[in-house]
Every structure is written in structure tokens, then in C-alpha cells.
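>>> task: produce atomic coordinates for the following.
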Amino acid sequence: QVQLVESGGGLVQAGDSLRLSCAASGRTFSNYAMGWFRQAPGKEREFVAVISWSGGSTYYADSVKGRFTISRDNAKNTVYLQMNSLKPEDTAVYYCAAGGYAPEQNNYDYWGQGTQVTVSS
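Next up, the predicted model:
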């Protein structure tokens, strides 16, 4: 089992930045690729970004490419999502997940409880 706890969400204005963190405990964190997903009100959960177990590879959704950066610190069992130039359409609950290096949700075995990000215009 891997337990994941997200933090760092909040209410910001358009153009601001936020950094989300996801702390992992349980089984070996570095065995897993880590992904970030989000779910906006009334919409399905969607892929945001993924990072390989080593941190050497990353992949982003087109909607966040160039604005968001995913990173990880295996010594701290933590994955981050740096979000810059936030837009109102980035408003969502953000989830981290542990699993395979892929954008599809069914590749992930463990999920956090989510953290709310709200971007006002």
C-alpha cells in the first residue's frame, strides 16, 4: 500500500502561482511513476502531468504544458506540481497518484484525497 496526501491548494488570482505537494508513505515511493490529475466541477477527472520513477522523464497535458512543472524528491518521498500563470480554467480538485508512467488513469494503483485549487479572474 502507498498512502498519498496532497497539500498546497488554495484560492489565487489569475496569473498567480501555486506549488502542490504530495507526500507518500508505505511501500517504496521510488518504485512508482507519479501523476497529477484534476477534476473540475461537473467534469470528468483528467490527466495533468506524470513523472517517471527516477524523475528523468516527464509528460504533460497540452493544456498545462509550459506553465506547470512536475518534479519529485525521492529522498523526501514527495512529488510536486509547480503551477505558474494560473487561469480560471485551472480551477479543480487536484489529485496525485502512484503507478505506471502513462496518462491513463487505469495505470495508477494509489490515489490521494485531493486538494482544491481555485483561480479567480
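>>> use CA for all of it now, contacts and neighbours both
Will do.
>>> now the residue nearest to residue 49 when sequence neighbours are not counted: how far from residue 47?
The shortest distance from residue 49 to any non-neighbouring residue, by CA to CA, 6 or more residues apart in numbering, is to residue 60 (4.4 Å). As defined by CA to CA, to the nearest Å, residue 60 lies at a distance of 8 Å from residue 47.
>>> what pairs with the most centrally placed residue in the chain across the strands?
Against the mean C-alpha coordinate of the chain, by CA atoms, centre = their mean, the closest residue is residue 36 at 2.5 Å. Residue 36 has the following beta-bridge partners by DSSP bridges: residue 49, residue 96.
>>> measure it to residue 45 for me?
10 Å.
>>> kindly report the same for residue 119.
Going from residue 119 to residue 45 by CA to CA gives 18 Å.
>>> more neighbours: which of these two?
More crowded of residue 119 and residue 45, by other CA atoms under 10 Å: residue 119, with 20 against 16.
>>> residues touching the more buried one, list them.
11-14, 86-91 (CA atoms under 8 Å, 6 or more residues apart in numbering).
>>> ok, now with 6 Å
11-14, 88, 91 (CA atoms under 6 Å, 6 or more residues apart in numbering).
>>> now the strands for this structure?
2-7, 10-13, 18-26, 33-39, 46-51, 58-60, 68-73, 78-83, 92-99, 108-111, 115-120 (DSSP state E).
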